[in-house]
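In: Build the 3D model from these lines:
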Amino acid sequence: MDNEFLKGTLARLCLPILAAVLTLALTTARPAFARSQAILAEGGTTDSFGDTGHIVIGGLIVTKGDTTSSLHITIAYEDNFIGEGSPLNSFICTLTNPADLVISGGPPVQSATLTISAAGDTCFQTLFPLVTFSNVGRSLSFRAYTIGSHTHFKSTGSTLKDHFGDIVGNVAILGELEPAGSGSDQASGDRFITGFGGAVDTDDSGSPSGHMAMAGLIHLNPLKKGETTGTTKALDVTIDYEDFSGSQHLACHLTSPGDVSYTLGAVTKGVGTLTITVSSVGECNVDNTGKKMVFALYVGGSTGRIVSTFSTLVDSDLDVINAPAVAGEFSTAGGS
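Out: Take a look at the predicted model:
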């Protein structure tokens, strides 16, 4: 048989195989795309002292495959204190170290662990933010379910502790990761605001716990170049708080533009604060003039998240609702 014919035949046979191998190599070598995602989670807890409680999580992360390249998260924990004079065990943790989030296994079912580290992370008492304590090395673990760009996750364990060393070990947390929307991270224009979670006031010892819910529309004035503090053009926001230990209640309907201000980008792009302040007597069922609630604010385009960090609001018994764990959305109609 002619050698040239054999060579041509072998070449024709090998070319499809080489093409398949090359395609596979290019596919497996293709770098993972970075994805900016907003996180929102909420649930109940029990600590080793026997206190039930509430925990919420919100923030923004950027992942590339199973690697986290950017992370900004706030965890708020509300302790339904028993046998104590005030909810001193309630705490806030802020996380900024990308190494805190470790994802393992490929979709659709994965495992994820959020571990507090010494670099960039802080935990402090909700009532006294200057009182910090260490949770370094302690973590929340989750099982995650991913289809396309959306992920839902459920807690599987916790080793977090409060300021007094009680382990918040029993957790039932449910949440989701959604793609950050397109658009500016300066949050101007119309935004839906929603929030939900637990809260307690100063006289609830022995039979504590409460719930807070919030919803509304806010039209933000855009930040001018070089500015980090923004104002509001219009708003309509409703806030309700129910105290489960009695008939104490707070109901506010806020409509004054001066009730809301926000900061963004002072330290990190898309990360700031949202402050809601009651400006007049008639806005709540009990006088809260000058009282406020502060949230960590995370904005990724049309998508936003808020997590409570501070409150001086009072209920109908004039008790301060000073340990909220409230998280929610701050998104446009095109956001999550």
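
In: State the distance from Gly258 to Ser111.
Out: 46 Å (Cβ to Cβ, to the nearest Å). (Glycine included, C-beta is placed from N, CA and C.)

In: show me what contacts the spatially most central residue of the chain?
Out: The residue lying closest to the centre of the chain (Cα atoms, centre = their mean) is Gly58, at 0.1 Å. Residues counted as contacts of Gly58 (Cβ atoms under 8 Å, 6 or more residues apart in numbering) are 38-41, 73-74, 296, 298, 305-307, 327-328.

In: Pick out whichever of these sits closest to Gly148.
Out: Nearest to Gly148 out of the contacts of Gly58 is Ala38 (Cβ to Cβ; 15.4 Å).

In: In its sheet, which strands sit next to the one helix or strand the closest one maps to, and in what direction?
Out: According to DSSP states H and E, Ala38 maps onto strand 34-46. Strands adjacent to strand 34-46 in the sheet, as given by DSSP bridges, are strand 52-64 (antiparallel), strand 170-179 (antiparallel).

In: what does the last one contact?
Out: Think strand 170-179. 35-47, 55, 57, 61, 140, 142, 144, 149-155, 157-158, 303, 336.

In: gap between the two ends of stretch 306-317?
Out: Using Cα to Cα, to the nearest Å, one end of stretch 306-317 lies 27 Å from the other.

In: how far out from the middle of the chain is that stretch?
Out: 18 Å (Cα atoms, centre = their mean, to the nearest Å).

In: Give the buried residues for that stretch.
Out: 306-311, 313-317 (16 or more other Cβ atoms under 10 Å).

In: Which of the residues you listed fall in strands?
Out: 306-311 (DSSP state E).

In: JSON lines for these, including pLDDT and distance to Gly198?
Out: Formatted as JSON lines, those follow (pLDDT from 0 to 100; distance: Cβ to Cβ, whole Å):
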{"residue": "Ile306", "pLDDT": "97", "distance to Gly198": "15"}
{"residue": "Val307", "pLDDT": "98", "distance to Gly198": "13"}
{"residue": "Ser308", "pLDDT": "97", "distance to Gly198": "10"}
{"residue": "Thr309", "pLDDT": "97", "distance to Gly198": "14"}
{"residue": "Phe310", "pLDDT": "94", "distance to Gly198": "15"}
{"residue": "Ser311", "pLDDT": "95", "distance to Gly198": "12"}
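
In: between those residues, which is closest to Thr132?
Out: Nearest member of those to Thr132, counting by Cβ to Cβ, is Thr309, at 13.7 Å.

In: tell me the contacts of the closest one?
Out: Contacts of Thr309 by Cβ under 8 Å, 6+ apart are 74, 76, 92, 126, 129, 273, 294-296.

In: Now the phi/psi pair for the nearest residue to His249 once chain neighbours are set aside, please.
Out: Leaving aside its chain neighbours, His249 sits nearest to Ser316 (5.3 Å; criterion: Cβ to Cβ, 6 or more residues apart in numbering). For Ser316, the backbone dihedrals (degrees, to the nearest 10) come out as phi -70, psi -10.

In: Now do Ser316 against Phe310, distance only.
Out: Plainly put, Ser316 is 21 Å away from Phe310 if you go by Cβ to Cβ.

In: same check, this time on Thr228
Out: For Thr228 relative to Phe310 (Cβ to Cβ), the value is 19 Å.

In: buried residues in stretch 182-189?
Out: Buried residues in stretch 182-189, counted by 16+ other Cβ under 10 Å: 183, 185-188.

In: Please apply the same query to stretch 162-173.
Out: Residues 162-163, 166, 168, 171, 173 are the ones in stretch 162-173 that count as buried (16+ other Cβ under 10 Å).

In: And the average pLDDT for it is what?
Out: Per-region confidence: stretch 162-173 scores 94 on mean pLDDT.

In: All the strands of the stretch 1-150 of the chain, residue numbers only.
Out: Assigned by DSSP state E, counting those that start in this stretch, the stretch 1-150 of the chain shows strands spanning 34-46, 52-64, 67-79, 91-95, 101-104, 109-115, 122-125, 132-133, 139-147, 150-158.

In: Can you give me the distance of Cys284 to Val320?
Out: Using Cβ to Cβ, Cys284 is found at 14 Å from Val320.

In: Likewise for Asp240?
Out: Distance from Asp240 to Val320, by Cβ to Cβ: 17 Å.

In: Identify the residue nearest Leu264 in space, chain neighbours excluded?
Out: Leu264's closest residue in space is Gly272 (Cβ to Cβ, 6+ apart), at 3.8 Å.

In: ok, the residue lying closest to Gly43 once chain neighbours are set aside to Ile55 distance?
Out: Here the nearest residue to Gly43 in space, its sequence neighbours aside, is Ile173; by Cβ to Cβ, 6+ apart that works out to 3.4 Å. Note on Ile173: its distance to Ile55, by Cβ to Cβ, is 6 Å.
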